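Undergrad: The following block contains a protein sequence and its predicted model.
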Amino acid sequence: MARAEPLFRLQLVDSDLDATRKRVKDIDTALTSSPAVVHARSQLDLARKARQSAEGDLKLVELDAQMIEAKLKGEEKRLYEGQIKSPKEMLDTQREIEMLKRQRADADDKVLRAIEAADAARADDLRCEAALREAQTHFEADVVSLREERAKLVVHFNAQVEMRKAALTGIPQPDLEAYTAIRARKPNGVAVAMVKNDACGQCGEGLSSQQLQLARVGTALTSCPSCGRILRGL
Ligand SMILES: [Zn+2]
């Protein structure tokens, strides 16, 4: 058995532990909040503000139309009930009534447009409310499956910890120290590289026949000349 073989077995367990640890961390993050729910909630906030604003606008233009209407009624009453004495006042009142009728037509148009805008804003608000409910439902379903996955990972992790203890037995102390030091330096935590197609399986550096021979049967550890990882030959 090549010198690197026990380290390679340890590496398999450590890589599995790394991946399990990372997945548990990702799950814990995913369990704290859902980006989809946060997004849907902010969309709903915006839609609700727009709805309140549209409904406020509608009230204002309705009030405006009511005031014009009341004024018009008052002028018409004066005209038809014969309260006006002079022809000049009669003419002025008639002009005033015409002007108020034009204003009322404008105000009615504004009210119609405001009703349409308020209806659209209400529909948008309801749509966002439904989207938030849907996002929350999805998140609740995700939480259930993520918790199940997490529980399984914890069981797997504990089993791998036992495997690691077994994998450690028989590894010479200097080899373990070299392994630990290289692993700490590598972002992917891989200290032992398999030889693949006569090259380092991690960085792809081509290996000489002597290096290949040493990696396969050497009594000392052989390192990749490029990335420095321990080579495990086949
Ligand atoms: Zn390499």
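TA: Cool, got the structure. Residues are numbered from 1 along each chain as shown.
Undergrad: hey, which helix or strand in this structure has the poorest pLDDT?
TA: Sorting the helices and strands of the chain by mean pLDDT, DSSP states H and E puts helix 209-217 at the bottom, at a mean of 91.
Undergrad: Buried residues of it, list them for me.
TA: By 16 or more other C-beta atoms under 10 Å, the buried positions in helix 209-217 come out as Gln211, Leu212, Leu214, Ala215. For every residue, glycine as well, the C-beta is placed using N, CA and C.
Undergrad: ditto for stretch 28-35
TA: With burial defined by 16+ other C-beta under 10 Å, the residues of stretch 28-35 counted as buried are Ser34.
Undergrad: related to what we said a few turns ago, helices or strands up against the least confident helix or strand of the chain?
TA: When contacts are defined as 3 or more C-beta pairs under 8 Å, 6 or more residues apart in numbering; DSSP states H and E, helix 209-217 packs onto strand 192-196, strand 230-232.
Undergrad: same thing but 10 Å
TA: Secondary-structure packing of helix 209-217 (3 or more C-beta pairs under 10 Å, 6 or more residues apart in numbering; DSSP states H and E): strand 192-196, strand 199-200, strand 230-232.
Undergrad: Would you mind extracting the C-alpha trace of the longest one into PDB?
TA: Extracted in PDB, the C-alpha atoms of strand 192-196 (Å, rounded to 0.1, in the frame of the first residue of the first chain):
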ATOM      1  CA  VAL A 192      -4.500  14.500  -1.100                       C
ATOM      2  CA  ALA A 193      -4.700  14.500  -4.900                       C
ATOM      3  CA  MET A 194      -5.500  11.400  -6.900                       C
ATOM      4  CA  VAL A 195      -3.300  10.800  -9.900                       C
ATOM      5  CA  LYS A 196      -5.400  11.000 -13.000                       C
END
